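In: the amino acid sequence is not available; the structure is as follows:
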């Protein structure tokens, strides 16, 4: 869209809108088709991420028991599993669907109440609007 953007994290409605956290538009009857499409795409991206973490934990089940290792080792362990997982995925190493049986999606902790509007960054709306335009330019999907 002609403007360089930095990376952003995907959040849900409870997080404050920041220029580094994308969150959906608040669901109501006033949303435009473009905003609805943005929310849909954000939810789809979020589900892809959840699925990737589920596959990572299923392939490397040591990640399900990380409370067994020291905190100093934990970042190295997670990074090693991510690298090995990506190598397996890149080389079409078969993923055994049975591995998923011992792995269930875990609900990560998130705020219970929506963040107050005072925590939102006005510049972030420009980022969300650019992403909205980008999604619109990509067509349906």
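Out: That came through fine. Only a predicted model underlies this, so the values are computations on that prediction, with no experimental measurement involved.
In: where in this structure is pLDDT low?
Out: Scanning the chain for pLDDT under 70 picks out 1, 66, 102, 104-112, 139-141.
In: mind listing the strands for it?
Out: Under the criterion DSSP state E, strands of the chain are mapped to 9-10, 21-22.
In: report the distance from the last one to the chain centre.
Out: So that's strand 21-22. For strand 21-22, the separation from the chain centroid amounts to 10 Å (computed by CA atoms, centre = their mean, to the nearest Å).
In: now the spatially most central residue of the chain: how far from residue 33?
Out: Nearest to the geometric centre of the chain sits residue 46, at 4.3 Å (CA atoms, centre = their mean). With the distance defined as CB to CB, to the nearest Å, residue 46 ends up 20 Å from residue 33. (C-beta placed from N, C-alpha, C; glycine too.)
In: equivalent analysis for residue 120, please.
Out: From residue 120 over to residue 33 (counting by CB to CB), the distance is 24 Å.
In: so which of these two has more stuff around it?
Out: Taking other CB atoms under 10 Å, residue 120 and residue 33 do not tie; residue 120 has more neighbours (16 against 8).
In: next, the buried residues of the longest helix along the chain.
Out: When the chain is parsed with DSSP state H, its longest helix is helix 33-59. Judged by neighbour count (16 or more other CB atoms under 10 Å), helix 33-59 contains these buried residues: 35, 37-39, 41-42, 54-59.
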